[in-house]
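S.K.: Give me the fold of what follows.
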Amino acid sequence: NILENKIFNWFIAVAFTSAYITSGGVNALISDASGTIDGYGQLFSDTAIASASSVDFLILTLSAASWIPEDLARRNYKGDVAPALIAA
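M.R.: Residues are numbered from 1 along each chain as shown. Below you'll find the model as predicted:
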């Protein structure tokens with residue numbers, strides 16, 4: 001399965017990191033963190049898509065903490081990393 005390949009996982013991590021750096025998101029947070037956060041707060045309150053996607057991301061992230069150990073248990077994973085550590 002391609003999604004369980006460590007090389008593919010590293011590629012995805014590098015791609016996301018590169019996207020944040022090249023888009024200017026990291027520089028905006030470094031140079032004007034309060035302005036960037038205030039701008040996000042304004043966007044969150046003014047547009048439905050920003051608030052809906054943010055809440056959706058929060059729910060999925062919190063739910064993953066229970067899905068990861070369950071998935072590993074179903075696969076009978078006996079590796080050296082505890083499921084609770086992965087989900088944390």
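S.K.: Let me see the confidence value for I37.
M.R.: The model reports I37 with a pLDDT of 92.
S.K.: N27 now?
M.R.: 89.
S.K.: Now do whichever strand or helix holds it: everything it contacts.
M.R.: Per DSSP states H and E: N27 is located in helix 25-31. With contacts defined as Cβ atoms under 8 Å, 6 or more residues apart in numbering, helix 25-31 is touched by 20, 36. (C-beta placed from N, C-alpha, C; glycine too.)
S.K.: If we ignore the residues flanking it in sequence, what's nearest L43?
M.R.: A50 (4.7 Å; Cβ to Cβ, 6 or more residues apart in numbering).
S.K.: Report the rounded mean pLDDT for stretch 54-70.
M.R.: Stretch 54-70 comes out at a mean pLDDT of 88.
S.K.: Buried residues, that stretch. List them.
M.R.: 68-69 (16 or more other Cβ atoms under 10 Å).
S.K.: Tell me how far it lies from the chain's centre.
M.R.: Chain-centre distance of stretch 54-70: 10 Å, with Cα atoms, centre = their mean, to the nearest Å.
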